[in-house]
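Student: With the input below, show me the fold.
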Amino acid sequence: MTSRFPFSAIAGQDEMKRALLLTAVDPMIGGLLAFGDRGTGKSTAVRALAALLPEMKAIEGCPYHCDPASTQAQCEACRNKTKPKTKTMPIPVVDLPLGATEDRVVGALDLERALASGEKAFEPGLLAAANRGYLYVDEVNLLEDHIVDLLLDVAASGENVVEREGLSIRHPARFVLIGSGNPEEGELRPQLLDRFGLSVDVRTPTDVATWVEIARRRLAYEADPEAYAKQWASQDGELQRKLVAARKKVESVVLSDQILERAAALCLALQTDGLRGQLTLMRAARALTAFEGRKQVTLDDLKRMAGPALRHRLRRNPLDETGSQTRIDRALAELFG
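Tutor: Below you'll find the model as predicted:
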């Protein structure tokens with residue numbers, strides 16, 4: 001098996017890398033939308049993240065790899081087990097291809113067993129495979145509308161319900177949704193856009209030095225993937241240690257009333273829709289604080305995460321043609337100096 005391109009070796013896309021790491025620190029942030037130019041490492045970064053994710057405990061034999069520590073998040077079969085055996089497994093990172101059918105996504109009748117024995121059995125789909133992990137959709141803006149509707153329903157409930165061919169199945173489907181795409185090929189539906197916790201603009205580097213470094217690293221990787229992965233193993237290992245430590249202490253990070261008030265003032269000034277933006281901003285700032293090994297969220301953390309948490313939630317103003325990030329920077333300067 002060819003080694004993945006090392007996460008630490010990705011050059012020139014610091015905001016995207018940081019946002020991906022924060023979704024791993026606190027999955028409740030709600031996922032990431034990486035929109036931008038073709039060939040800028042979006043898919044490479046998502047797949048490289050998989051190697052950094054820590055392992056998790058799951059109930060052995062369960063197709064949804066239910067969490068043994070949470071009966072509320074288990075399927076019916078696992079809840080009925082008195083002392084289920086457990087196993088350790090990698091956090092799943094599942095690709096949802098553009099051409100995937102509805103049956104492939106949600107699951108369907110196992111035709112092989114039905115024909116062989118006449119037994120009606122459920123064949124789990126991609127949502128089952130992604131439970132407690134990541135679901136990655138490249139070119140998410142080109143997804144068919146009915147698949148988008150499915151994702152919205154499951155993302156809201158954390159549960160996949162399948163009722164067809166005499167089957168009635170309900171299973172947990174909690175995942176971090178990662179989407180990437182090129183805005184030139186089409187906009188994202190507002191309902192799905194709002195489901196992404198963070199959003200980053202991924203642009204082609206504009207300086208020669210970065211171009212040269214990216215090309216040098218990619219050519220070295222293609223010449224010998226395994227040797228190149230070993231070369232960056234220590235940097236990836238350090239990132240993984242920071243990630244594991246941050247996941248353990250993120251809930252204990254202090255969010256003062258002053259920071260909460262400033263976040264609320266920023267969202268009100270920007271006229272963001274609903275409260276989801278502020279909650280995401282708070283979670284992202286807290287995850288950033290934990291990842292950097294600190295104990296209390298500061299105003300600087302708030303400022304650093306304001307763009308990714310809010311830029312895709314701003315209402316379009318026909319009288320103001322400036323970009324979302326410019327409007328956020330202007331509001332930050334007016335409110336906080």
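Student: can you give me the helices for the stretch 101-250 of the chain?
Tutor: Under the criterion DSSP state H, counting those that start in this stretch, the stretch 101-250 of the chain carries helices at the ranges 102-106, 111-117, 126-129, 145-157, 190-193, 208-223, 225-231, 233-249.
Student: didn't Asp26 look like it was pressed against Leu288?
Tutor: No - applying Cβ atoms under 8 Å as the test, Asp26 and Leu288 come out as separate, 9.7 Å apart. Where you see a C-beta, it was placed from the backbone N, CA and C, and this is true even at glycine.
Student: Between the two, tell me which one has more neighbours.
Tutor: Leu288 (27 against 22; other Cβ atoms under 10 Å).
Student: check contacts around the residue nearest to Ser199 when sequence neighbours are not counted.
Tutor: Closest residue to Ser199 apart from its sequence neighbours, by Cβ to Cβ, 6 or more residues apart in numbering: His312 at 3.8 Å. Counting by Cβ atoms under 8 Å, 6 or more residues apart in numbering, His312 makes contact with 33, 193-194, 196, 199, 324.
Student: highest average neighbour count across the helices of the stretch 101-250 of the chain?
Tutor: Each of those was scored by mean neighbour count; the highest is helix 126-129, a mean of 23, by mean count of other Cβ atoms under 10 Å.
Student: who's in contact with stretch 77-96?
Tutor: By Cβ under 8 Å, 6+ apart, the surrounding residues in contact with stretch 77-96 are 46-47, 49-50, 53-62, 64-66, 68, 71, 105, 126, 129-138, 175.
Student: just stretch 224-233 next, same as before
Tutor: 2-6, 8-9, 220-221.
Student: Next: stretch 196-210.
Tutor: Stretch 196-210 is contacted from outside by 11-13, 15-16, 19, 22-23, 29-37, 39-42, 177, 179-180, 193, 211, 214, 280, 283-284, 308-309, 311-312, 325, using Cβ under 8 Å, 6+ apart.
Student: tell me the mean pLDDT for it?
Tutor: What stretch 196-210 shows for mean pLDDT is 91.
Student: Can you list the buried residues in that stretch?
Tutor: By 16 or more other Cβ atoms under 10 Å, the buried positions in stretch 196-210 come out as 196-202, 205.
Student: For the stretch 101-250 of the chain, which residues score under the pLDDT cut-off?
Tutor: Per-residue confidence for the stretch 101-250 of the chain (pLDDT under 70) gives these ranges: 110-120, 165.
Student: one step back: what would the contacts of stretch 224-233 look like in CSV with distance to Ala264?
Tutor: CSV is the format used below for these (distance: Cβ to Cβ, whole Å):
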residue, distance to Ala264
Thr2, 48
Ser3, 45
Arg4, 40
Phe5, 40
Pro6, 40
Ser8, 36
Ala9, 39
Ala220, 48
Tyr221, 45
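Student: Determine whether the claim that Phe35 is in a strand is correct.
Tutor: Yes - according to DSSP: H, G, I helix; E, B strand; the rest coil, Phe35 belongs to a strand.
Student: ok, now which ones touch it?
Tutor: Going by Cβ under 8 Å, 6+ apart, Phe35 touches 141, 180-183, 188, 199-202.
Student: now the residues you listed as TSV including distance to Ser234?
Tutor: Output for those, formatted as TSV (distance: Cβ to Cβ, whole Å):
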residue	distance to Ser234
Asn141	37
Ser180	28
Gly181	33
Asn182	34
Pro183	37
Leu188	38
Ser199	31
Val200	27
Asp201	31
Val202	27
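Student: returning to that earlier point: of the contacts of stretch 77-96, buried ones?
Tutor: 46, 49-50, 53, 56, 58-59, 62, 64-66, 68, 105, 126, 129-138, 175.
Student: now, which of those lie within strands?
Tutor: Assigned to strands by DSSP state E, the following of these qualify: 56, 58-59, 133-138, 175.
Student: now for those, which pair is the farthest apart?
Tutor: Spanning the widest gap among those are Ile59 and Asp138, at 30.5 Å by Cβ to Cβ.
Student: pretty sure Cys66 contacts Gln74?
Tutor: Yes - here Cys66 lies in contact with Gln74, judged by Cβ under 8 Å, at a distance of 4.2 Å.
Student: Which neighbours do these two have in common?
Tutor: 59, 172.
Student: that older thread, of all the helices of the stretch 101-250 of the chain, which lies closest to Leu167?
Tutor: Across the helices of the stretch 101-250 of the chain, Leu167 has its closest neighbour in helix 111-117 (10.2 Å, Cβ to Cβ).
Student: Was I right to think Phe175 contacts Ala129?
Tutor: No - the pair Phe175 / Ala129 is not scored as a contact, 9.3 Å apart, by Cβ under 8 Å.
Student: Which residue is the nearest non-sequential neighbour of the residue nearest to the spatial centre of the chain?
Tutor: Central residue of the chain (Cα atoms, centre = their mean): Gly31, 3.2 Å from the mean position. Using Cβ to Cβ, 6+ apart and skipping residues adjacent in sequence, the residue nearest Gly31 is Leu177, 3.9 Å away.
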